[in-house]
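> My questions are about this predicted structure, shown below with the sequence.
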Amino acid sequence: MSDSNDNYVLEISGVNKTFGGLKALSGINLKVREGSTHAIIGPNGAGKSTLLNTCIAKLVPDSGSIIFAGRDLTDGMTPHGINQLGVSRVFQTPEIFPELSLLHNVMIPAFAKRDGFFKFNLFEWLRDEKQLEGEAMHYLDNLGLSGSAEVHAGSLSRGDKRRLELAMCLIQHPKLLLLDEPTAGMSRHDTNRTIDLLKEIKEGGMTKIIIEHDMHVVFSLADRISVLAQGAIIAEDEPEAIKGHPRVREAYLGSAEI
Amino acid sequence: MEAINPSSGRKDNLTMIAFTVVVLTAPLWGKLIGADYPDLLQRFAIFGLFAIGFNLLFGLTGYLSFGHAAFLGIGSYTAAWSFKLLSMNPIPAVIFALLLSGLFAAVIGYVSLKRTGIYFAILTLAFAQMSYNLAYSVLTPITNGETGLRVLRDDPRIIDTALGVEIQGPLLGSFFGIEMTGYSGFYFCAVMLIAGFYVALRVFRSPFGMKLAAIKSNQTRMEYTGYNPKPYLLAIFIISGMYAGLAGALMVIVDPLAGAERMQWTVSGEVVLMTILGGVGTLVGPLLGAAIIKYFENIFSAINESVLLATFDFLPEGLQEFMVTIVHPFVGGGWHLTLGILFMSVIIFMPGGIMEGIRHLTDWIRRRKE
């Protein structure tokens, strides 16, 4: 392995989280290499989404730290502050702007990237936003949505909403992209298209954490896989090794097609 | 939802020109509907501004303020004090009213925006009622309590005195010698309305307006997209409060008297009605709503029993009395009943307000043509 691969973008150490008496995360340690795609798999309720939520300050862990870009994300950071550091997230249920057109849905994150968390300028309407609009159209086009750029996002199918949300994240060129089941609800054709797209941006050096049930997607994309069961990481290795891991087969893969 | 659309620049210019023409020719078309007297036209413009500003907050962000009357009152008192202390010229009155209502909006907004939905509405209502009660009691030295703040002949008026401007006749706002009464008063309000409409149009079409619409649509997504929604909400709350302050100042400019009743919750409620009646989140809707409510107030409240008897004079005597009895509760002092029925019909049949009705109508006509 080369040296650059030992640069970690995200370092999760000793993260615990309990809800009432339920231990949702216990002693999670996870390091994500720069430019890699790290998949987190595991049965329902294993704590995968909870783990991502602690990375974006949606949840504060009881203990432990999550270091990104030299900052501890669990230490009083706001969701918008974390995004401005370069972390974008695709949610399990698509979070979009249903009343806005697709084009505006994608332009909003682009403005955030360009102008920061707040900008007020009385004369901003004088500025020509053609370039930014063109960029937004480009991302919509990449995800096969440019045909409906003027449509209200609320009218899209679930799979299309997911792709729209992905476009909204990609236009921010995040350093770290968190994907919570990015292909759920998509047709096989769209899933393959999304895989191709995610492979493409891998070449751009974007680091990704992906939660996915579809093993076809996981093994097409992941450089490394962590297996989560009952709030703890039971295995972490390269995809080929994970396939043969006995505890993993027992806990999760046994029932899934690979 | 109308929002930023860079290709709509030309259409916006046309909208602006059409709007300007319609407003400036109001005394002409006002004749057709019996509204060609300056007092009513002034009220169209003033409440139009109030509603446009209110809609910038409510229409774009969905935050329902129930306390905008406070800013109206603050604008009024500020303008009256500007008349008393500085000059009968409306320009300083407008400037100070904008500044002070903006300042109050910043404070009230900062606190109220800590909550959303009904709690936000209640907080703003509480602030407005507090202001109203203060104006009536503790702040009497500033507001002159129940009597209302009047402009007096022996007020200092520093600027006027320094420039040697003497007010002859009644004490009225005076724009470099033009008395702010009658049609000249209306035209002063009309210019302010056109300016206010222009700013609202720019807010609607700017990335700022787009972000506000996005906050209304999904505030959670906004936060995870890198925005802090709070300063955006506060900024539009202040702008909206300044519109109300300007409207309050114009009331004093055309009629130099400021009373606390302007701050009462019914006034806050009225602007909500105007906006919903016309169409929340549309540019022209709130203005239409304001004009319709003020028109109804004037026309229907002026109808009394003798007018009704004269109207139904052609009917046989028994039927005439019957009709008068039926119609009477809906006019004169009972005009609110008519307004209530109109309001309910609009909400039930066209939740998007009158603008939605107009949109349906134009769509229908277009389809008929095809």
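Alright, I've got the coordinates.
> Run the chain-centre distance for stretch B:326-342.
Distance of stretch B:326-342 from the chain centroid (Cα atoms, centre = their mean, to the nearest Å) equals 22 Å.
> List the contacts of it.
With Cβ atoms under 8 Å, 6 or more residues apart in numbering or on different chains as the test, stretch B:326-342 has contacts from B:273, B:277, B:292-293, B:296-297, B:300-305, B:308. All C-beta atoms are positioned from the backbone trio N, CA, C, and that covers glycine.
> next one: stretch B:23-35
Stretch B:23-35 is contacted from outside by B:22, B:36-38, B:40-41, B:44-45, B:183, B:186-187, B:190, B:193-194, B:295, B:298-299, using Cβ under 8 Å, 6+ apart.
> now the contacts of stretch B:326-342 in a markdown table, with neighbour count?
Below are the contacts of stretch B:326-342 laid out as a markdown table (neighbours: other Cβ atoms under 10 Å in any protein chain shown):
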| residue | neighbour count |
| --- | --- |
| B:273 | 20 |
| B:277 | 25 |
| B:292 | 20 |
| B:293 | 23 |
| B:296 | 15 |
| B:297 | 18 |
| B:300 | 18 |
| B:301 | 16 |
| B:302 | 12 |
| B:303 | 17 |
| B:304 | 12 |
| B:305 | 13 |
| B:308 | 20 |
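> could you redo these as JSON lines and give each row distance to residue B:133?
Below are the contacts of stretch B:326-342 laid out as JSON lines (distance: Cβ to Cβ, whole Å):
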{"residue": "B:273", "distance to residue B:133": "23"}
{"residue": "B:277", "distance to residue B:133": "29"}
{"residue": "B:292", "distance to residue B:133": "31"}
{"residue": "B:293", "distance to residue B:133": "26"}
{"residue": "B:296", "distance to residue B:133": "30"}
{"residue": "B:297", "distance to residue B:133": "26"}
{"residue": "B:300", "distance to residue B:133": "31"}
{"residue": "B:301", "distance to residue B:133": "28"}
{"residue": "B:302", "distance to residue B:133": "32"}
{"residue": "B:303", "distance to residue B:133": "35"}
{"residue": "B:304", "distance to residue B:133": "34"}
{"residue": "B:305", "distance to residue B:133": "37"}
{"residue": "B:308", "distance to residue B:133": "39"}
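> Cross-reference those with the helices and report the matches.
Among those, the residues falling in helices (DSSP state H) are B:273, B:277, B:292-293, B:296-297, B:300-302, B:305, B:308.
> from those, which two are the most distant?
Maximum pairwise distance among the ones in helices among the contacts of stretch B:326-342 (Cβ to Cβ): 28.1 Å, between B:277 and B:305.
> thinking again about what came up before, save the contacts of stretch B:326-342 as a markdown table, and put in pLDDT and distance to chain A too.
Converted to a markdown table, the contacts of stretch B:326-342 look like this (pLDDT from 0 to 100; distance: Cβ to the nearest Cβ, whole Å):
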| residue | pLDDT | distance to chain A |
| --- | --- | --- |
| B:273 | 94 | 23 |
| B:277 | 95 | 21 |
| B:292 | 93 | 26 |
| B:293 | 93 | 27 |
| B:296 | 88 | 31 |
| B:297 | 88 | 33 |
| B:300 | 82 | 36 |
| B:301 | 84 | 38 |
| B:302 | 84 | 42 |
| B:303 | 84 | 42 |
| B:304 | 84 | 47 |
| B:305 | 82 | 49 |
| B:308 | 84 | 47 |
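> Chain B contacts on chain A?
With Cβ under 8 Å from any Cβ of the partner chain as the criterion, chain A meets chain B at residues A:56, A:58, A:78-80, A:83-84, A:88-89, A:91, A:95-100, A:104, A:107-109, A:111-113, A:115-121, A:124-125, A:128-130, A:133, A:168, A:172.
> PyMOL command for the buried members of these?
The PyMOL selection below is limited to those of the residues of chain A next to chain B classed as buried (16 or more other Cβ atoms under 10 Å in any protein chain shown):
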select buried, chain A and resi 56+58+79+80+83+84+88+89+91+95+96+97+98+99+100+104+107+108+109+111+112+113+115+117+118+119+124+125+129+133+168+172
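> Next step: the residues of chain A next to chain B restricted to helices.
The helices, defined by DSSP H, take in A:79-80, A:83-84, A:104, A:107-109, A:111-113, A:115, A:130, A:133, A:168 from the residues of chain A next to chain B.
> what's the closest of the residues you listed to residue B:321?
Once Cβ to Cβ is applied, the member of those that ends up nearest residue B:321 is residue A:104, at 60.3 Å.
> close enough to count as contact, the closest one and residue B:214?
Yes: in this structure, residue A:104 is within contact of residue B:214 by Cβ atoms under 8 Å, at 7.4 Å.
> what residues are shared contacts of those two?
Contact with both residue A:104 and residue B:214 is made by residues residue A:97, according to Cβ under 8 Å, 6+ apart.
> contacting residues for residue A:226?
Taking Cβ under 8 Å, 6+ apart, we find residue A:226 in contact with A:30, A:38-41, A:233, A:235-236.
> Is it in a helix, a strand, or coil?
Of the three states, residue A:226 takes strand under DSSP: H, G, I helix; E, B strand; the rest coil.
> Tell me the confidence at it?
The per-residue pLDDT reported for residue A:226 equals 94.
> Now it. Nearest residue, chain neighbours left out?
Distances taken as Cβ to Cβ, 6 or more residues apart in numbering or on different chains put residue A:236 closest to residue A:226, at 4.4 Å, once the chain neighbours are dropped.
> secondary structure class for that neighbour?
Taken by three-state DSSP, the conformation at residue A:236 corresponds to strand.
> Run a quick check on it versus residue A:224, I expect a contact.
Yes: with contact defined as Cβ under 8 Å, residue A:236 counts as touching residue A:224 (6.9 Å).
> so where's the chain shaky on pLDDT?
Reading this off chain A. Within chain A, the ranges that satisfy pLDDT under 70 run A:1-5, A:251-258.
> Wait, chain B was what I had in mind.
Looking at chain B by pLDDT under 70, you get B:1-8.
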